[in-house]
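Novice: got a predicted model here, sequence first, then my questions.
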Amino acid sequence: MIEEIFALFENLPAFVYPVIVIVSAVIVALAAHWLAFRVVQRIFDTSGGLAETLMRHTKSPLRLAFILVGLIAVLPQVALPRIWEGRLQHTALVLIIVLIGWTMLMLTNFFTERSVVRYRFDTDDNLAARKYVTQVRVLRRAIDIIVVILTTAAALLTFEGVQQYGVSLFASAGAAGLVLGLAGRPVLANLIAGIQIAITQPIRLEDVVIVEGEWGWIEEISATYVVVRIWDWRRMVVPLSYFIEQPFQNWTREAASIIGEVTWHLDYTVPVAKVRAKLEELVKTSPYWDGNVVNLQVTDADKETIKLRGLMSARTSPIAWDLRCEIREKLIDWLQAEYPGALPRLRVYATQASTEAVAEQQSRKLG
């Protein structure tokens, strides 16, 4: 039986033995990778924490590294046809380039995520946290794009056809270079805009902004676009370069606190001093007020009404909205109860001559 098996192997084509050796090397490498991770988990007890997170991020790149080590170890010992040997060497080179780029991406993502863990957004005074997290994540995405581009370019340049095309492209770097530049302009524009936003920070995560007339929060800053979470739960997707090239409002650029405004159009007979005192009383008893600003002023007067503007501050813009709605409603209730005559009304004064003319016209119609 054993002799028959050996005889069968002897009659196989010559290329079968190298294939068996290479496949065996890959299987042994995968088994060694699995065993190594099991041993490390048992020795260092990586159930949670930094070590467990690092192992989870590096598991896939290390699997590829084990395979490459196994192939590098067995290929010199195997007699391969020259064309096979060249293709396998080229494949190994491409895999090494991919492994380097992959490892850089994993490490970048790992260390950036670890660095922002201690920063929280669920507090009123979260300006420092939003600054740091925005800067780290935008720069991380820019680095990811650069690493992917460089890794892809390095892998493609290992092919002779791509090298010859690159040489011819540089030789005729006129129209072809212009076409490539125009094609890559959106990517480069967003990449540069991302770096500018990370450094200058015109916007940050959870900033309150008004974009294209819509009021909302910066929910996500990606490599090419920004997601604005509008107050009614809609999402507006805006190109990243928009925040560099177009004007917009940022209500939380320096701090989250903001001054809210409420206006009333009232009759000229309204007692402004008493309204001011009532406004201060209502604002100071409101849980939404932050204790900083409360004021009432007459800001305009036309032929029928005067315009009163009340100012009040709050810790955040959503709280300021609730404060404005509360004060507007309560002050209107107070005016209706205490000074109903101060509400807007239309005055009509009729002279005696006009009254007689109207009466005469009515009598003519009846006659």
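Specialist: Nice, thanks for sending it over.
Novice: wait, isn't Ala301 in contact with Val270?
Specialist: No: between Ala301 and Val270 there is no contact under CB atoms under 8 Å: 11.4 Å. (C-beta placed from N, C-alpha, C; glycine too.)
Novice: looking at those two, which is more packed in?
Specialist: Using other CB atoms under 10 Å, the more surrounded residue of Ala301 and Val270 is Val270, with 20 against 10.
Novice: for Pro61, helix, strand, or coil?
Specialist: What DSSP: H, G, I helix; E, B strand; the rest coil gives for Pro61 is helix.
Novice: show me where the chain has its helices.
Specialist: Secondary structure of the chain by DSSP state H: the helices cover 2-10, 16-44, 49-74, 82-115, 127-156, 160-171, 175-183, 185-200, 242-245, 272-284, 317-338, 352-366.
Novice: quick one, the second one and helix 49-74 angle?
Specialist: Comparing the axes of helix 16-44 and helix 49-74 via axes from the mean of the first three to the mean of the last three CA atoms, to 10 degrees yields an angle of 160 degrees.
Novice: got the angle for helix 16-44 vs helix 82-115?
Specialist: Relative orientation of helix 16-44 and helix 82-115, computed by the same axes, to 10 degrees: 20 degrees.
Novice: buried residues, helix 16-44. List them.
Specialist: Residues Pro18, Val21, Ile22, Ala25, Ala29, His33, Phe37 are the ones in helix 16-44 that count as buried (16 or more other CB atoms under 10 Å).
Novice: got a list of what the closest residue to Ile96 other than its chain neighbours touches?
Specialist: Counting by CB to CB, 6 or more residues apart in numbering, Ile96 lies nearest to Leu68, which is 6.3 Å off, once chain neighbours are set aside. For Leu68, the contact set (CB atoms under 8 Å, 6 or more residues apart in numbering) comprises Ala92, Leu95, Ile96, Leu99.
Novice: and Met55, how far is that from Ile67?
Specialist: From Met55 across to Ile67, the span is 18 Å (CB to CB, to the nearest Å).
Novice: settle this for me: Thr151 is touching Thr103, isn't it.
Specialist: No: the criterion here is CB under 8 Å, and Thr151 misses it with Thr103 at 10.3 Å.
Novice: mind checking which of Met55 and Ile67 has more residues around it?
Specialist: The neighbour count for Met55 versus Ile67, taken as other CB under 10 Å, is higher for Ile67 (21 against 15).
Novice: thought the more buried one was touching Ala29?
Specialist: Yes: assessed by CB under 8 Å, Ile67 is found in contact with Ala29 at 4.7 Å.
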